[in-house]
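Enquirer: Sharing a model prediction with you, sequence too.
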Amino acid sequence: QVHLVESGGGLVQPGGSLRLSCTASGNIFSISAIGWYRQAPGKQRELVAEITRKTSGDTTNYAASVKGRFTISMDITKQSVYLQMNKLKPEDTAVYYCNTKGLNSDWIGFNGWGQGTQVTVSS
């Protein structure tokens, strides 16, 4: 079983910054992708940013709405992922979920989710 623990959410004024952190633990053999999703009230969960790990190198993918404002990074030795969010807007208000996909020690795939952390952008 894979456990994800997030931190760093909170209340911030428009134009402000927050940094989210997430650490994965448990039965993890390898991680193929790690990233962040968000879900605003009344809306579907959407991808914010994700790092996909390939033998040819890691690639990052951002939602169009956050490109240039958010930066995702990873410390694979700590099985951790971070999301630096700058120039926050009220429409960024949502519950942010950490997600990771990979293989456990039995080479069975997993798709793990954190419990979510609230980000509220308001004056």
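Expert: Sure, I can see it.

Enquirer: How about the one residue sitting closest to the centre of the chain, nearest residue that isn't a chain neighbour?
Expert: Nearest residue to the geometric centre of the chain (Cα atoms, centre = their mean): Trp36, 2.2 Å. Leaving aside its chain neighbours, Trp36 sits nearest to Val48 (4.4 Å; criterion: Cβ to Cβ, 6 or more residues apart in numbering). C-betas here are computed from N, CA, C, even on glycine.

Enquirer: Which helix or which strand is home to that neighbour?
Expert: strand 46-52 (DSSP states H and E).

Enquirer: List the strands paired with that strand, with their directions.
Expert: Strand 46-52 sits in its sheet next to strand 30-39 (antiparallel), strand 59-62 (antiparallel), going by DSSP bridges.

Enquirer: Any chance of those strands in JSON lines with distance to Tyr96 and mean pLDDT as columns?
Expert: Formatted as JSON lines, the strands paired with strand 46-52 follow (distance: least, Cβ to Cβ, whole Å; pLDDT from 0 to 100):
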{"stretch": "strand 30-39", "distance to Tyr96": "5", "mean pLDDT": "96"}
{"stretch": "strand 59-62", "distance to Tyr96": "14", "mean pLDDT": "97"}
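
Enquirer: Please work out which of those is packed deepest.
Expert: Mean neighbour count (mean count of other Cβ atoms under 10 Å) peaks for strand 30-39 among these, with a mean of 20.

Enquirer: Give me the distance from that strand to the chain's centre.
Expert: 6 Å (Cα atoms, centre = their mean, to the nearest Å).

Enquirer: and the angle for whichever strand or helix holds Ser25 with strand 46-52?
Expert: Assessed by DSSP H and E, Ser25 sits inside strand 18-26. Angle of strand 18-26 versus strand 46-52, following axes from the mean of the first three to the mean of the last three Cα atoms, to 10 degrees, is 60 degrees.

Enquirer: picking that back up, using a markdown table, lay out the strands paired with strand 46-52 together with distance to Leu88.
Expert: Below are the strands paired with strand 46-52 laid out as a markdown table (distance: least, Cβ to Cβ, whole Å):
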| stretch | distance to Leu88 |
| --- | --- |
| strand 30-39 | 12 |
| strand 59-62 | 15 |
